[in-house]
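Trainee: model the structure of this input:
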Amino acid sequence: MKKILKEISDNAAYTNTAMAFQKQEPGTTGDNPLDGDRLPDSVTVLENGNVALTLYAPNAKTVTAGLMEREQFPLIQNDNGIWEGVLPFPGYGLRTLDWHVDGNRVLNPNAPVYFSYARPVNYVDIPDPEMDYILENGVPHGSVVIEYFQSQVTGNCERCFVYLPPDYEKSDLDYPVLYLQHGGLENEGCWVFNGKVNFIMDNLLAWEKAIPCIIVMCNGSIRLPQEGIFDFQGVVDMLRNDCIPYIERKYRVRKEKWGRAMAGLSMGSMQTSIRNYLDIWGCSVAF
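Mentor: Here you go, the predicted structure:
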């Protein structure tokens, strides 16, 4: 494998999380964050791709860590109550981390956090040196806006993330829209905090490898009033009746079929492929 340079693993695209934009503060040993000794980073990607792990648990008897639903590796406690170990190179990309203290799964508060598996989880992101389109490369940046809209389908106020290209405010153009759906057990913020879609689009636009467009990321695991649990296909009606009209009222977008596209990951791809979806409101491309 190729050496992973520190300037890549410390790039803003990799330190950007749901908790912080710059590298997440590791915390201290005290109950009060202002007290105690400063802790080391809990997750550090080494240049050989291995991952150095630490967890502060001075009263624990055993601590293990590893990829979720994979082999757990024992950590060793040092004199300061910090458990340490190294996870062998797990492969490039975003990897969910599991920690167990005395046999109980825990969330390490000093490790990077994102949302997946329908709950907050720790993770590590192993940079692939050849995937420069993911990095923050100093190109013009678009905006990520959080929008709230009332939904007749769910009976609640709903939320979506909207990516606007860098030239949106300076332009008077009507933009095409990509409605981008997340995978199962995730949410509408995952495309930004897990998938880096804003950095990817910034780069593709700067390199003239994409057409400027607006990207709308909506919750695909909505709860319908009569069900009480999330409805797999309910997002179809919510997008058609609530989200799309809201976007088309507020933003300068193309409103015909060939001005809309839809894509998704895993569960989102199945939602995208619902034939009824394409017939009802029109979509030019589905992935």
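Trainee: tell me how far the residue nearest to residue 164 when sequence neighbours are not counted lies from residue 251.
Mentor: Closest residue to residue 164 apart from its sequence neighbours, by Cβ to Cβ, 6 or more residues apart in numbering: residue 143 at 4.6 Å. For every residue, glycine as well, the C-beta is placed using N, CA and C. Relative to residue 251, residue 143 is positioned 12 Å away (Cβ to Cβ, to the nearest Å).
Trainee: spatially central residue for this structure, please.
Mentor: By Cα atoms, centre = their mean, the chain has its centre lying nearest to residue 194, at 2.1 Å.
Trainee: quick one, what contacts the residue nearest to residue 164?
Mentor: 163, 164, 168 (Cβ atoms under 8 Å, 6 or more residues apart in numbering).
Trainee: report the buried members of those.
Mentor: Buried members of the contacts of residue 143, counted by 16 or more other Cβ atoms under 10 Å: 163, 164, 168.
Trainee: now render those as JSON lines, adding secondary structure, pLDDT and distance to residue 185.
Mentor: Output for those, formatted as JSON lines (DSSP: H, G, I helix; E, B strand; the rest coil; pLDDT from 0 to 100; distance: Cβ to Cβ, whole Å):
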{"residue": "163", "secondary structure": "strand", "pLDDT": "98", "distance to residue 185": "22"}
{"residue": "164", "secondary structure": "strand", "pLDDT": "98", "distance to residue 185": "28"}
{"residue": "168", "secondary structure": "coil", "pLDDT": "98", "distance to residue 185": "32"}
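Trainee: from those, which is closest to residue 153?
Mentor: Nearest to residue 153, judged by Cβ to Cβ, of the buried ones among the contacts of residue 143 is residue 163 at 23.4 Å.
Trainee: hey, where'd the helices end up in the stretch 1-150 of the chain?
Mentor: Secondary structure of the stretch 1-150 of the chain (DSSP state H, counting those that start in this stretch): helices at 6-9, 12-15.
Trainee: buried sites along the first one?
Mentor: Residues 8, 9 are the ones in helix 6-9 that count as buried (16+ other Cβ under 10 Å).
Trainee: Three-state assignment for residue 199, please.
Mentor: At residue 199 the chain is in helix, as set by DSSP: H, G, I helix; E, B strand; the rest coil.
Trainee: what's the local residue count around the nearest residue to it once chain neighbours are set aside?
Mentor: Residue nearest to residue 199 in three dimensions, not counting chain neighbours: residue 13, with 4.6 Å by Cβ to Cβ, 6+ apart. As a burial measure, residue 13 scores 20 neighbours (other Cβ atoms under 10 Å).
Trainee: quick one: residue 13 and residue 136 touch, right?
Mentor: Yes. Applying Cβ atoms under 8 Å, one finds residue 13 in contact with residue 136, separated by 4.7 Å.
Trainee: ranges for the strands of the stretch 101-250 of the chain?
Mentor: 104-106, 113-116, 119-126, 143-150, 157-164, 177-181, 214-218 (DSSP state E, counting those that start in this stretch).
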